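# What follows is a predicted protein model with its sequence.
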Amino acid sequence: MEQEARLPEPAPGTRDRARTARGFAEARAQAEGWPMPPPAHRRLEHIVSAWKGHEEFAVKLVRFLKPDVVVELGVDYGYSAFAFALPNIGTVYGIDWFQGDDCAGHRNTCAQVRAQMVTLGLGNLEIIHADFSTAARSWQRKIDILHIDGDHLYESVKRDFELWARFVGEDGVILMHDTISFPDDVGRFYGELRLPKFNFTHSHGLGVVCRNPDLLAEVVSL
Ligand SMILES: C[S@@+](CC[C@H](N)C(=O)[O-])C[C@H]1O[C@@H](n2cnc3c(N)ncnc32)[C@H](O)[C@@H]1O
């Protein structure tokens, strides 16, 4: 017989009905094993991005791998960087020159990103205001999760991968966005990689690459 979840009664006589309702919903989610919805001030849906369908995967990946270091190449308005930082595990380094590019459009979103980091309470996200090649020259840390999402031309993706993938260990994960929406560029480079990999085809495509095939299988079934 299925065990009935024990739910607390809302506190009698409380005036803060919204708070009580939320507490009740959270207790119910916990009792029944549902994922907890983030509180309103930590949600990302208002942020402009083509990355929206991958937030849940990013959060699960970070909770699973417990990375010390996540590096993102290409922050723009910050959506994916925020998604990696939300679980508050390790440090996320978001690298961007904040001048945009021919694929994303030309804009400086740096001030907006920094303001959102405060609103979202993300103390574990560090912004590196630089171009990817310059930043790679002085980079020294091992990377556990690398997300490549700069400009999407074939030569650029190849350069970003070659500059940064060498910092990713055997049990690290490399993500590449836009494998589907840029089939002749990101998609082509992803297709050429002779490494264990899996391509999520939704939300413009997210390639997942991992040198350890067993880890890849675990990660893509999260
Ligand atoms: C597709 S957007 C990133 C989208 C973002 N990850 C998201 O979640 O929506 C690409 C970003 O890469 C940056 N970028 C492109 N080429 C760059 C380079 N060589 N060095 C630094 N930043 C670069 C652009 O300024 C732009 O903000």
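In hand now; what should we look at? These numbers were taken from a predicted model, which means no experiment stands behind them. Numbering: from 1, shown residues only.

# From now on I want contacts and neighbour counts done on CA atoms only, so please keep to that.
Fine.

# And the strand ranked longest in the chain, what does it pack against?
Longest strand in the chain, counting residues (DSSP state E): strand 168-177. Packing partners of strand 168-177 (3 or more C-alpha pairs under 8 Å, 6 or more residues apart in numbering; DSSP states H and E): strand 143-148, helix 186-192, strand 206-209.

# what about 10 Å?
For strand 168-177, the elements it packs on are helix 55-65, strand 69-73, strand 143-148, helix 154-164, helix 186-192, strand 197-200, strand 206-209, helix 213-220, judged by 3 or more C-alpha pairs under 10 Å, 6 or more residues apart in numbering; DSSP states H and E.

# Neighbouring strands - and their directions - for whichever strand or helix holds Gly94?
Using DSSP states H and E, Gly94 maps to strand 91-96. Looking at strand 91-96 with DSSP bridges, its partner strands are strand 69-73 (parallel), strand 125-129 (parallel).

# quick one: is the last one near the ligand?
I take that to be strand 125-129. No. Judged by C-alpha under 6 Å from any ligand atom, strand 125-129 stays clear of the ligand, getting no closer than 7.8 Å.

# Can you tell me which residues in this protein are near the ligand?
So far as C-alpha under 6 Å from any ligand atom goes, the chain lies against the ligand at 49-51, 74-80, 96-101, 104, 130-132, 149-151.

# So which of those belong to strands?
Mapping those onto strands (DSSP E) picks out Asp96.

# can you list the domain ranges for this protein.
Per the record, the chain has its domains at 10-42, 46-220, by automatic domain parsing.

# Dump the ones you listed to JSON lines, plus mean pLDDT and mean neighbour count.
Below are these laid out as JSON lines (pLDDT from 0 to 100; neighbours: other C-alpha atoms under 10 Å):
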{"stretch": "domain 10-42", "mean pLDDT": "57", "mean neighbour count": "12"}
{"stretch": "domain 46-220", "mean pLDDT": "96", "mean neighbour count": "18"}
